[in-house]
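Engineer: Model the structure of this input:
(chains A and B)
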Amino acid sequence: MRSRFTSGIVTVVKVENDSRFHLEGHLKGHLQIVEPTARTLTSIPLNKEVRIGRLDGPKQDCARLLDLGFTPGEPIVVTQHVPLGDPLIVRLRGALLALRKREADWILVE
Amino acid sequence: MSTQTAGDLAVDPKDQVVCLVGMPNSGKTTLMNALTGGNFKTANYAGVTVSVLRGRTRPEFGTPRNVVDLPGVHSSVEPSPEEELAVAVIEGRHSKVQPDAFILVVDATQLERHLKFGGLVGRRGKPTVVALTMVDLLDRTGQSLSVLKLANALGIPVVPVDPRTGAGVKEVLAALDGLKGMLWVGNALAEMPPEPVAGYKYVTELLRRSGAVSRTARPDSLTSRIDRFVLHRYFGFPVFFLVLISLFAAIFWLAQPFMDVIDAGFAAAAAGTKAIAPESVIMQFLGDGVIAGVGAVAVFFPQIMILFFLMTLLEDSGYLARGAALVDRPLSFLGLHGRSFVPMLSGYACAIPAVFAARAIPARRERMLTIWILPLMSCSARLPVYALLLAALLPAAAWQAGLGLAAIYVASLLIASIIAGITARIFMKHGKPSLLAMELPAYRIPRWWPILRMTWARGSSYLQRAGIPILIVSAVLWMVSNFGHVPGRFISPTPMEDSFASTLGQKMEPVLRPMGVDWRVGVGLISAFAAREVFVSSMAIVFHADSSDEQTQQEHLLKEMSSAVFPDTGARIFTPASILGLVVFFFFSLQCFSTVAVVKKEMGSWKLAGLQLLFYTGLGYLLAVLSVQTLRAFGVA
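Structural biologist: Reported below is the predicted structural model:
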């Protein structure tokens, strides 16, 4: 997440996975939240083609995802969310795959 | 249909061993069907609970060959036991299966992923032919493919096949013939870098340079249309439940006439065997112990075959993977896997095929947890027992008993879920959850012949693996119920009242009394370990309700049961409280030695099987006693 003070100073705050962070009260009014640069597959609207950036998750699981074809630069589309919202269905290299949100969260997209 | 024994299909060392390799859903097994004419059987290798299909090529295809269909491999990284076996064979690390050549089955609509997997095969340096499947689906994705250009780029013969119609199958083998005697030098697959990113880049580049694929793929329109409906926010679950209900209806209603025939057949065979020499204990044993005992389990075979047939149908059409995706969230919350729904569903017919169905679950931890809760699924062997007990409990109207039965079915799913959730959170919390990343294959109209073949292969494999334990269990239980200890002779044939089972039952009397029943019901409970529904016929024997007429037997038994009393107190045995206690006992208890034997075989140790037997039977007993005593404390007899 990138925050920009009205003064023009740009501060980049990296938010680790799920950890919350708090801002000092007096800063809140000055913050303008801009589009995060690193988005994961879970936050992509349906049927929008994006490219895989990199994988950020448990090492062995990511190695398997990579071997399944989730390689950097590859176009990927989220085609559907199943009724309970998880897993989501993605199209990659001509295949339809069901990915749990947990897994989709490891896939950073550009 | 193949009726050959293992000997006939033994690998002829003179002939080539060809391994079918590819990713799941590539059409590998359908090709196996076409190559062998359905003449294949499953083979198990020691140490792994994975079976492969092996057979011989059809004689009209020329040079005879031994064909082995290896499990499909998604990835060789973090492989499941099935994938590990296939990778070991491909890499030449397997001691039993040493392939001379490979048929690499490649889905034409997913060339990148399937050829990337082909790198593993190419590096092995054995003669290889690519069998290109799903060519007919290229239309749907708006692509066209030049087989010649692809073969040129790969340096490997490429043969388009449609194993469902048999087109191109002969040509695949002819291409293998063509490779005979040739020096198998490098090909494009062998030079693929093993590292995934570089490997994919290599394949993409190879395909681009070859010009084999014209136009980029667009999504398969038919598949996306069906998915929009089948995975729809509101329609998804109604469709899923409709499929499940139809499956249940088919299993129970379609199977009924076949079950009646089998039942009558075994009864006639048992009577015929006994009639040969009415005085002979051996004929009695063969008739009542072996034939009737096996018959008690064999009546479920039609249900199991219908289950296998419908599961294969759902799998081949592409829906099964969608169903697994739909329920993955609630199931993974319980520590299970989306794919656990198939064994759980099968468990409502019989726990034994359900244990085998659990093989589709990739991670061992989730497979174990699924098998752990399978005994709770209300299998159809419980149905005659519940029918008897509910008729005794609610004699007023059939609809009440029907409602009671429906409640039992729903409760079994709920309680299995609770037990799975608790087990996963308390006893299995250290295992890491597996990856879902499950492929949803394109929808296809299923072809009957391959499905029937596959159903038969699964059915006969079930008979092979479950048949022997069932035979042994029913023979032993017959002996326990028909032999006893009489003065002067240690073992002697006796009526059931004096048998070891009844001696054991009487010894168990102090344990049975808290459940509100006496030793006679105990004998029924012990004999039910052969198959739960044997409880009904044992009850008929110990309560002297034998009747030649099938129709009146149940009424006769119900009358005898309602008048049965404890000899010492004169109090009635079958009261609402004690009947409910029995229902609770059958609900939880793992009264099926065949299931125990199959779980032991599947997991390779007695640990899980023994634990299940003790835990569920103990839990069933405790809860039965608790419900009987609670009801009585509140004044319900």
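
Engineer: all contacts plus neighbour counts: C-alpha atoms, from now on.
Structural biologist: OK.

Engineer: what's around residue B:80, how many residues?
Structural biologist: As a burial measure, residue B:80 scores 19 neighbours (other Cα atoms under 10 Å in any protein chain shown).

Engineer: and it, how far is that from residue A:57?
Structural biologist: Distance of residue B:80 to residue A:57, given as Cα to Cα, to the nearest Å: 20 Å.

Engineer: pretty sure residue B:240 is touching residue B:322, no?
Structural biologist: No. With contact defined as Cα atoms under 8 Å, residue B:240 does not count as touching residue B:322 (9.1 Å).

Engineer: which residues do the two both contact?
Structural biologist: Common neighbours of residue B:240 and residue B:322, counting by Cα atoms under 8 Å, 6 or more residues apart in numbering or on different chains, are residue B:230.

Engineer: higher neighbour count, these two?
Structural biologist: The residue with more neighbours, out of residue B:240 and residue B:322, is residue B:322; 26 against 18, by other Cα under 10 Å.

Engineer: list the contacts for the more buried one?
Structural biologist: Neighbouring residues of residue B:322 by Cα under 8 Å, 6+ apart: B:230-231, B:440.

Engineer: repeat that with 7 Å
Structural biologist: When contacts are counted by Cα atoms under 7 Å, 6 or more residues apart in numbering or on different chains, residue B:322 touches residue B:440.

Engineer: got it, and residue B:252?
Structural biologist: Contacts of residue B:252 by Cα under 7 Å, 6+ apart are residue B:303.

Engineer: quick one, phi/psi of it?
Structural biologist: Backbone torsions of residue B:252, given as degrees, to the nearest 10, read phi -80, psi -40.

Engineer: just residue B:68 next, same as before
Structural biologist: The phi/psi pair for residue B:68 (degrees, to the nearest 10) reads phi -120, psi 120.

Engineer: Quick check, it in contact with residue B:57.
Structural biologist: No. Using Cα atoms under 7 Å, residue B:68 is not in contact with residue B:57; the gap is 10.2 Å.

Engineer: pLDDT at residue B:92, what is it?
Structural biologist: Note for residue B:92: predicted pLDDT of 92.

Engineer: Residue B:338 and residue B:490: what is the separation?
Structural biologist: 54 Å.

Engineer: Compare these two and say which is more crowded by neighbours.
Structural biologist: Legend: neighbour count by other Cα under 10 Å for residue B:338 and residue B:490, higher for residue B:338 (23 against 9).

Engineer: How much space separates that one from residue B:376?
Structural biologist: In terms of Cα to Cα, residue B:338 sits 18 Å off from residue B:376.

Engineer: Select the helix or strand of chain A having the lowest average pLDDT value.
Structural biologist: Lowest on mean pLDDT, DSSP states H and E among the helices and strands of chain A sits strand A:2-4, with a mean of 45.

Engineer: And the pLDDT at whichever residue of the stretch 451-600 of chain B sits closest to chain A?
Structural biologist: Residue nearest to chain A within the stretch 451-600 of chain B: residue B:451 (23.4 Å; Cα to the nearest Cα). pLDDT, residue B:451: 87.

Engineer: so where does it fall, helix or strand?
Structural biologist: Residue B:451 is part of helix B:448-482 when elements are defined by DSSP states H and E.

Engineer: Tell me how far that helix lies from the chain's centre.
Structural biologist: 12 Å (Cα atoms, centre = their mean, to the nearest Å).

Engineer: Same question for that helix: list its buried residues.
Structural biologist: For helix B:448-482, burial by neighbour count (16 or more other Cα atoms under 10 Å in any protein chain shown) applies to B:450-462, B:465-467, B:469-475, B:477-482.

Engineer: try stretch B:97-106
Structural biologist: Applying 16+ other Cα under 10 Å to stretch B:97-106 flags B:97-99, B:101-106 as buried.

Engineer: could I get those as JSON lines with pLDDT, distance to chain A and secondary structure?
Structural biologist: Formatted as JSON lines, the buried residues of stretch B:97-106 follow (pLDDT from 0 to 100; distance: Cα to the nearest Cα, whole Å; DSSP: H, G, I helix; E, B strand; the rest coil):
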{"residue": "B:97", "pLDDT": "88", "distance to chain A": "25", "secondary structure": "coil"}
{"residue": "B:98", "pLDDT": "90", "distance to chain A": "26", "secondary structure": "coil"}
{"residue": "B:99", "pLDDT": "92", "distance to chain A": "25", "secondary structure": "coil"}
{"residue": "B:101", "pLDDT": "93", "distance to chain A": "24", "secondary structure": "strand"}
{"residue": "B:102", "pLDDT": "95", "distance to chain A": "21", "secondary structure": "strand"}
{"residue": "B:103", "pLDDT": "96", "distance to chain A": "21", "secondary structure": "strand"}
{"residue": "B:104", "pLDDT": "96", "distance to chain A": "17", "secondary structure": "strand"}
{"residue": "B:105", "pLDDT": "96", "distance to chain A": "16", "secondary structure": "strand"}
{"residue": "B:106", "pLDDT": "96", "distance to chain A": "13", "secondary structure": "strand"}
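
Engineer: residues in chain A within reach of chain B, list them.
Structural biologist: Applying Cα under 7 Å from any Cα of the partner chain, we find that chain A lies next to chain B at A:60-61, A:63-64, A:66-69, A:71, A:82-83, A:86-87, A:93-100.

Engineer: which among the residues you listed end up buried?
Structural biologist: Neighbour-count burial (16+ other Cα under 10 Å) applied to the residues of chain A next to chain B gives A:61, A:63-64, A:66-69, A:71, A:82-83, A:86-87, A:93-100.

Engineer: Okay, helices next: where are they in chain A?
Structural biologist: Taking DSSP state H as the test, the helices found in chain A are A:25-28, A:59-68, A:101-104.

Engineer: now swap in the stretch 301-450 of chain B and tell me
Structural biologist: Under the criterion DSSP state H, counting those that start in this stretch, helices of the stretch 301-450 of chain B are mapped to B:301-317, B:319-326, B:328-333, B:341-346, B:351-357, B:364-373, B:382-393, B:398-426, B:448-482.

Engineer: If you count contacts, what does the first one end up packed against?
Structural biologist: Using 3 or more Cα pairs under 7 Å, 6 or more residues apart in numbering or on different chains; DSSP states H and E as the contact criterion, the secondary-structure elements in contact with helix B:301-317 are helix B:255-276, helix B:448-482.

Engineer: can you list contacts of it?
Structural biologist: Outside helix B:301-317, the residues touching it (Cα under 7 Å, 6+ apart) are B:251-252, B:255, B:258-259, B:320, B:349, B:443-446, B:451-452, B:455, B:458-459.

Engineer: Which residue ranges of chain A form strands?
Structural biologist: With DSSP state E, the ranges of strands along chain A come out as A:2-4, A:10-12, A:32-34, A:39-40, A:49-55, A:75-81, A:88-92, A:95-99, A:107-109.

Engineer: on contacts alone, who are the packing partners of the fourth one?
Structural biologist: It refers to strand A:39-40. Contact here means 3+ Cα pairs under 7 Å, 6+ apart; on that basis strand A:39-40 packs against strand A:107-109.
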